[in-house]
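**Student:** pasting a predicted model and its sequence here:
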Amino acid sequence: MRFEVISNAAFTPKEFKQLMDQLEKDKMKPITHGQILQKVEELEEIKNYTYKGNEVDELIEKNIEENLRKGNTGVNFVLKIEALKTQV
């Protein structure tokens, strides 16, 4: 199913039927209110997570390896590393 237009308006009956038909075709169940609340809670936990020093070191190391692999070694690369270090 492809959404043609994205808006904040409520689903029309036709759009809702299309969604339900597609879910049935894909052998999927509609999402429940409880699942939405659970996801909101998970996102809040992620948003408020504080990295530990060793986690930041690991992220920096992975970032360095990835940038070196891609050949990105310019000023922006160094600035990104310093920015990560200051987030601790």
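**Tutor:** Alright, I've got the coordinates.
**Student:** quick one, strands of the protein?
**Tutor:** For the chain, no strands turn up when DSSP state E is the criterion.
**Student:** which stretches of it have low pLDDT?
**Tutor:** 1-4, 73-75, 77, 87-88 (pLDDT under 70).
**Student:** domain ranges for it?
**Tutor:** With domains defined by automatic domain parsing, the chain comprises 9-49, 51-88.
**Student:** tell me which residues in the shortest one are buried?
**Tutor:** Across domain 51-88, burial judged by 16 or more other Cβ atoms under 10 Å covers 60, 64, 67, 77, 84. Using the backbone N, CA and C atoms, a C-beta is placed for each residue, glycine as well.
**Student:** stretch 22-37 too?
**Tutor:** So stretch 22-37, judged by 16+ other Cβ under 10 Å, has zero buried residues.
**Student:** dump that stretch to PDB, restricted to CA.
**Tutor:** Extracted C-alpha coordinates of stretch 22-37, given in PDB (Å, rounded to 0.1, in the frame of the first residue of the first chain):
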ATOM      1  CA  GLN A  22      -3.500  -4.500   2.900                       C
ATOM      2  CA  LEU A  23      -2.900  -5.800   6.400                       C
ATOM      3  CA  GLU A  24      -5.000  -8.800   5.700                       C
ATOM      4  CA  LYS A  25      -3.200  -9.400   2.400                       C
ATOM      5  CA  ASP A  26       0.100  -9.200   4.200                       C
ATOM      6  CA  LYS A  27      -1.200 -11.500   6.900                       C
ATOM      7  CA  MET A  28      -0.600  -8.800   9.500                       C
ATOM      8  CA  LYS A  29      -2.700  -7.600  12.400                       C
ATOM      9  CA  PRO A  30      -3.500  -3.900  13.100                       C
ATOM     10  CA  ILE A  31      -1.400  -2.300  15.700                       C
ATOM     11  CA  THR A  32      -3.000  -2.000  19.200                       C
ATOM     12  CA  HIS A  33      -3.200   1.000  21.500                       C
ATOM     13  CA  GLY A  34      -1.100  -0.900  24.000                       C
ATOM     14  CA  GLN A  35       1.600  -1.400  21.400                       C
ATOM     15  CA  ILE A  36       1.700   2.300  20.700                       C
ATOM     16  CA  LEU A  37       1.900   3.100  24.400                       C
END
